[in-house]
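# Give me the fold of what follows.
(chains A, B, C, D, E, F, G, H, I and J)
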10 protein chains.
Amino acid sequence: MMTKQALTDLILEKKTALGLSWADIASGVGLSPTFVTSACLGMNSLKPEFADKLVAILELPAEAKAAIEACPMKTWEQTVPTDPLIYRLYEVVGVYGPTMKELIHEEFGDGIMSAIDFSLDIDREANPAGDRVVITMNGKFLPYKSW
Amino acid sequence: MMTKQALTDLILEKKTALGLSWADIASGVGLSPTFVTSACLGMNSLKPEFADKLVAILELPAEAKAAIEACPMKTWEQTVPTDPLIYRLYEVVGVYGPTMKELIHEEFGDGIMSAIDFSLDIDREANPAGDRVVITMNGKFLPYKSW
Amino acid sequence: MMTKQALTDLILEKKTALGLSWADIASGVGLSPTFVTSACLGMNSLKPEFADKLVAILELPAEAKAAIEACPMKTWEQTVPTDPLIYRLYEVVGVYGPTMKELIHEEFGDGIMSAIDFSLDIDREANPAGDRVVITMNGKFLPYKSW
Amino acid sequence: MMTKQALTDLILEKKTALGLSWADIASGVGLSPTFVTSACLGMNSLKPEFADKLVAILELPAEAKAAIEACPMKTWEQTVPTDPLIYRLYEVVGVYGPTMKELIHEEFGDGIMSAIDFSLDIDREANPAGDRVVITMNGKFLPYKSW
Amino acid sequence: MMTKQALTDLILEKKTALGLSWADIASGVGLSPTFVTSACLGMNSLKPEFADKLVAILELPAEAKAAIEACPMKTWEQTVPTDPLIYRLYEVVGVYGPTMKELIHEEFGDGIMSAIDFSLDIDREANPAGDRVVITMNGKFLPYKSW
Amino acid sequence: MMTKQALTDLILEKKTALGLSWADIASGVGLSPTFVTSACLGMNSLKPEFADKLVAILELPAEAKAAIEACPMKTWEQTVPTDPLIYRLYEVVGVYGPTMKELIHEEFGDGIMSAIDFSLDIDREANPAGDRVVITMNGKFLPYKSW
Amino acid sequence: MMTKQALTDLILEKKTALGLSWADIASGVGLSPTFVTSACLGMNSLKPEFADKLVAILELPAEAKAAIEACPMKTWEQTVPTDPLIYRLYEVVGVYGPTMKELIHEEFGDGIMSAIDFSLDIDREANPAGDRVVITMNGKFLPYKSW
Amino acid sequence: MMTKQALTDLILEKKTALGLSWADIASGVGLSPTFVTSACLGMNSLKPEFADKLVAILELPAEAKAAIEACPMKTWEQTVPTDPLIYRLYEVVGVYGPTMKELIHEEFGDGIMSAIDFSLDIDREANPAGDRVVITMNGKFLPYKSW
Amino acid sequence: MMTKQALTDLILEKKTALGLSWADIASGVGLSPTFVTSACLGMNSLKPEFADKLVAILELPAEAKAAIEACPMKTWEQTVPTDPLIYRLYEVVGVYGPTMKELIHEEFGDGIMSAIDFSLDIDREANPAGDRVVITMNGKFLPYKSW
Amino acid sequence: MMTKQALTDLILEKKTALGLSWADIASGVGLSPTFVTSACLGMNSLKPEFADKLVAILELPAEAKAAIEACPMKTWEQTVPTDPLIYRLYEVVGVYGPTMKELIHEEFGDGIMSAIDFSLDIDREANPAGDRVVITMNGKFLPYKSW
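Numbers count the residues shown, from 1 in each chain, chains lettered A, B, ... in the order given. So this is what the prediction gives:
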């Protein structure tokens, strides 16, 4: 079976060759750019009907379909990410993590925000002092169960 | 000078004694709950006019004002946070970090989202299948400068 | 406010002084021994009606109630636990983690077992070759959402 | 000799080619799905009679048999696993480890649950609010010996 | 309840004050010096009849008895020990670990040497070129179970 | 020059092809199974007369001799070993290390047990309750020198 | 697409073959030596007009242009750098980091020096006691925003 | 003797009480603000004549003088600093370290920039787009010696 | 019993009060400055006749003698030392470690230099270009034993 | 350009083929065995006249010369070295590091021993009780500069 890594390499090659953006690809698949990109980078799987569309858009070989649908082993090697763009997000978790914990508990009680029943979107906000990146995370609140 | 830790301990004690929520305190200070909470937990500083209000609301001693205004040394000891609520946010950075990098670069070019010229808000979204936590991050895009 | 650590210390002292087992305490609270013990050790919170009962059984001071109900900051310092009993559980995750991933995906598709909508019980199984410990984990399957 | 890694790669390839599930393979071998899967992933060895059956079911070359029977060097590289499904199990050890220690000592005295004289099963529990994963660990209690 | 650490501090103080060696104490308790010393250092528990003897020999207060009998949380902070005497033992595990694995598997099949159903003794071997330390570890072989 | 790793791979291949056990090989070389196995695994070097015998027994090419005699760079990558058999030995160092330090100092004074002027043997002890592994370490006591 | 690593390898090869210094290359590109070198080493991207010039100077294949313009994933593997030249810079951050924090806060208030809107130059200062390296960092002050 | 930590605590207290800035203190001592601040934070020592002035300016007790003159044990606990201001400097070392190495070797040959025969200054550069922080490091080039 | 840490603190206090250098103290004890200083810092023990002298020179209380004679638990917390003076020595091990290994094996065969039957001295070498530190390590070569 | 690693591999091959010792090679180059060996292992560079001689002695191809003269990126992967010979040197830094710091400061004042303006030699000292390894480090004292 094609590995997730081989799939990602192939997708990046085809994306460049076909001159497609992530937005183009997501539009063709019919899901959000964030989710489709994460699946293309090997961090999520697509359901068969979306996998079919991805294969078509990127002119992937038939065997790629199983790799797209496979449940990924999600791994990252850098405990503290070094890339500046990703590090800033890590820093936000460090600086604002305890604050988010306080406010979520105040509003919802004891529990967490799911990272599985979860979506994430990225938008551009025009601003005369320099445009801004807006990241919106939306996750189901899961209360701790007692038994 | 009162340390940031002593300040936080005192604030938590007064908050409980006065029966105030973070929302109440933020409302009194005139800033968002997220920013005010982070300042109360020692991860941000308040400008003098807001520090005055915080002192008043929480009936803090006069010497607390300087501690609220002091620039904090922002530290966290757990490289990988263990608390489940905070870990889920760390996991989001691991799983979606490369995706966010791809999409921000596609939209804005080479650069990062600032974590300094930055705001973060937390909201509740009603949902019949279980209410949802919505976290919105808003940071200025900073392009890499060449020289 | 009494800290979770102070609460745990007080509970352990009272438990010894009153000659109660965790099973006794759980029975008095009306929840499982596992959940009640985890709350007493500062890793979960109790709802008010159960907190009242715990205060009564262990003859705790009134101020303990708020500490029992508080949402805990769940932390552990040893990335790899050294205590042999706990290490064996860590080893099970290392040895059988990929197997559990394969089998859960085969049965349920892409997703995870929740550690929040979750219960855990411990039982003794009599066996002539030496009694056995039976640990049963029961967590809701959470499918990954696409968007 | 074929390495365990080469064996696992070959098994995964054959499993896909033959359209077999782990349940099918385990049924053919005559052992539990968990144990057979762990052996196929290189984390356990099979006794000769079971190795013969695995070779037959998966149409493996004869030289695979020795690799299946070989005692594996069990290694994992991520001290803290990043895959969300496996991380949740690690989190359970962190959150409930001290609780399990208290309750096993209360019931059995000083000792541990063996991770060697041990079995682990995974089941699905139907539930109208969403089916649940049930993991059952069963290990012999080993009392500390004094001498 | 007296903590294990407080117990160890008290034992060391009394041992010095009474001029006893570990060999003397072990002899009085009726167990091996290794096991008794490990219990005095907080790494094992004694059964009641031995705890009584330890209390008597070291003239410990009555409350020490429960601490001696308590199941210890076995922790060490240095992943790689720095003390030269202890490091050499760690080095032996690094250098000879794979060799011991090969030879135990050759002799016994797949399984491990228990560190729980286990004893360890230390002896002096006279030698004209310099006396030698002899450490003997004796642990039950535990075969992996298949199921 | 053939590397130590290439030598070990070749030895394992030949050992399987010739159907030899480590005990057979050690017997042919005229040294203990532990030392010979450690040299075959690349953790020790053999003197020329023993290297000759190893080459003969395993029908190794002539160029292997220099690799067997070369002083190895002894490395291991896992600070905390994950293989259960080897981990138990690491755990013994953690649990009994301070005890061994106390008892060796009590018997010999300030110094260490050498891991260089050192031997290690593994034996089987028959036992009706299950046979036992006996590991004997024998190292010269080295007193600290003052100057 | 050519990877950043392949690009760097190719640049180093061409640089040697053509006998160019970094100063020569930077001069041809029309940017500072520091920025151009960092782009050649894969730690920055060049805008198209500069990428064209780099391709021309170094006689790179046409496909290299896209790799030069690509936003790099900036990674480094050594948390603490071992190379003595780079370690000294790390040491400077450790020794003078808190001092720089104090003085920047005293002069500018709460905020940071940007590492994105940032430039860095390296110069030689003649000195009879031995010439000196002068490193000048110039980054925009970013004040923390409150909201 | 007063410890460096006690000295720093006392200096910070006096600095606040007397309303002095680091610039004021440095001016009184007659050295640069960077060096004086680093000495006050316990990361450098002052020669006697400067120590006398520091004692006078800050109205320190006589015993502080020896602490100011003592050679400090320079330690920092965070391998990767978390404070955003200090992290950015760490990031600069990661991103530009290999570039600085290339350029210094090109200009000076094999060797390093000393972090001991070294000075560091911090300045403000006015800029209509936002003022900038300028950090200037100046260290003697030390060529590797061959022998 | 007085701990080693308490002993070191007391020695440093007395050394300052009496105006003694390490050279003075070593001279009074009759051993080298290096060994005596290491014993005073808690990293070695002194034999009774030297302990007596140290007590006399530094006017220590009688109970200090047992602490000086006690076998120390040698620990250091920083795997990579941060103090620049000590780090340079760590760097020497990193840079020249493999070289020392090659040359010692070439001269002596397979084995190590003992760090126990070992001495270390520090001298000043006058040099018009700046005086030099000379560190001489002298350790017994220990050949690996085969058995 | 030939990499340093390829250079080292080639040198080791030629050294064996030509039957040369490090002492022979160093003698031919006209520098010390320690420095030459470190350059051959990729941890130092040679000046052109010495590189020429090394090429001649070892019959290296012409292209090796540039690799010998290149400034090396000095890296080591094991923070704590595992090889027993190298570990003992690391242990010496841990055990005697604070002692060396005290004595160098007592003799020279605040500063460090350079690891760049530095030499290291290894000698054999005959001794009837077993020959000894003598390592002599000689580094320029660098005083901290104030400014």
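# tell me the secondary structure for the residue nearest the centre of chain A?
Taking C-alpha atoms, centre = their mean as the criterion, residue A:38 is the residue nearest the geometric centre of chain A, at 4.0 Å. Under DSSP: H, G, I helix; E, B strand; the rest coil, the three-state class of residue A:38 is helix.
# in chain A, which spans are helices?
For chain A, the helices defined by DSSP state H occupy A:4-18, A:22-29, A:33-40, A:48-58, A:64-69, A:84-108.
# which one of these lies closest to residue D:54?
Closest approach to residue D:54 among the helices of chain A (C-beta to C-beta): helix A:64-69, 22.9 Å. (Each C-beta comes from the backbone N, C-alpha and C, glycine too.)
# Name the residues that touch the closest one?
Helix A:64-69 has contacts (C-beta atoms under 8 Å, 6 or more residues apart in numbering or on different chains) with A:1-4, A:6-7, A:10, A:39, A:45-48, A:51-52, A:54-55, D:16.
# Would you mind checking the residues you listed for buried ones?
A:2, A:4, A:7, A:10, A:39, A:45-46, A:51, A:54-55 (16 or more other C-beta atoms under 10 Å in any protein chain shown).
# ok, residue A:134 to residue J:18 distance?
67 Å (C-beta to C-beta, to the nearest Å).
# These two - which one has more neighbours?
residue A:134 (16 against 12; other C-beta atoms under 10 Å in any protein chain shown).
# I figured the more buried one was touching residue A:123, is that so?
Yes: contact criterion C-beta atoms under 8 Å: residue A:134 and residue A:123 qualify, at 4.5 Å.
# what about residue A:136, how many residues close to it?
Per other C-beta under 10 Å, the neighbour tally for residue A:136 reads 17.
# Pull stretch A:36-46 out as PDB, backbone CA atoms only.
C-alpha atoms of stretch A:36-46 as PDB (Å, rounded to 0.1, in the frame of the first residue of the first chain):
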ATOM      1  CA  VAL A  36      -8.400  19.000   3.000                       C
ATOM      2  CA  THR A  37      -4.800  20.300   3.400                       C
ATOM      3  CA  SER A  38      -4.400  18.400   6.600                       C
ATOM      4  CA  ALA A  39      -5.500  15.200   4.900                       C
ATOM      5  CA  CYS A  40      -3.100  15.900   2.000                       C
ATOM      6  CA  LEU A  41      -0.300  16.400   4.500                       C
ATOM      7  CA  GLY A  42      -1.100  13.000   6.100                       C
ATOM      8  CA  MET A  43      -2.800  14.200   9.300                       C
ATOM      9  CA  ASN A  44      -6.400  13.200   8.500                       C
ATOM     10  CA  SER A  45      -8.200  10.700   6.300                       C
ATOM     11  CA  LEU A  46     -11.000  11.400   3.700                       C
END
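# Just name the most buried of the helices of chain A.
helix A:33-40 (a mean of 25; mean count of other C-beta atoms under 10 Å in any protein chain shown).
# That one and chain D in contact?
No: applying C-beta under 8 Å from any C-beta of the partner chain, one finds helix A:33-40 separated from chain D by no less than 12.7 Å.
# how far does that helix sit from the chain's center?
5 Å (C-alpha atoms, centre = their mean, to the nearest Å).
# How about residues contacting that helix?
Outside helix A:33-40, the residues touching it (C-beta under 8 Å, 6+ apart) are A:7-8, A:11, A:15, A:22-23, A:25-26, A:29, A:44-46, A:50, A:54, A:68, A:119-122, B:95-96, B:99-100, B:102-103, C:146-147.
# try 7 Å
Defining contact as C-beta atoms under 7 Å, 6 or more residues apart in numbering or on different chains, one finds that helix A:33-40 is touched by A:8, A:11, A:22-23, A:25-26, A:29, A:44-46, A:68, A:120-122, B:95-96, B:99, B:102-103, C:146-147.
# Stretch A:41-57 near chain C at all?
Yes: Stretch A:41-57 lies within reach of chain C by C-beta under 7 Å from any C-beta of the partner chain, at A:44-45, A:47.
# Make a markdown table out of those residues and add pLDDT and distance to chain J.
As requested, these are exported to a markdown table (pLDDT from 0 to 100; distance: C-beta to the nearest C-beta, whole Å):
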| residue | pLDDT | distance to chain J |
| --- | --- | --- |
| A:44 | 97 | 33 |
| A:45 | 97 | 35 |
| A:47 | 97 | 42 |
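# Which positions in chain A make contact with chain C?
Checking chain A against chain C by C-beta under 7 Å from any C-beta, the hits are A:31-32, A:35, A:44-45, A:47, A:71, A:105, A:110-112, A:114, A:116-119, A:142, A:144-147.
# Out of the residues you listed, which sit inside strands?
Among these, the members falling in strands (DSSP state E) are A:111-112, A:114, A:116-119, A:142.
# Specify which member of these is nearest to chain H.
Taking C-beta to the nearest C-beta as the measure, chain H sits nearest to residue A:112 out of these, at 23.0 Å.
# Roughly how far does the closest residue to residue A:14 other than its chain neighbours sit from chain B?
The shortest distance from residue A:14 to any non-neighbouring residue, by C-beta to C-beta, 6 or more residues apart in numbering or on different chains, is to residue A:58 (4.4 Å). Counting by C-beta to the nearest C-beta, to the nearest Å, the gap from residue A:58 to chain B is 15 Å.
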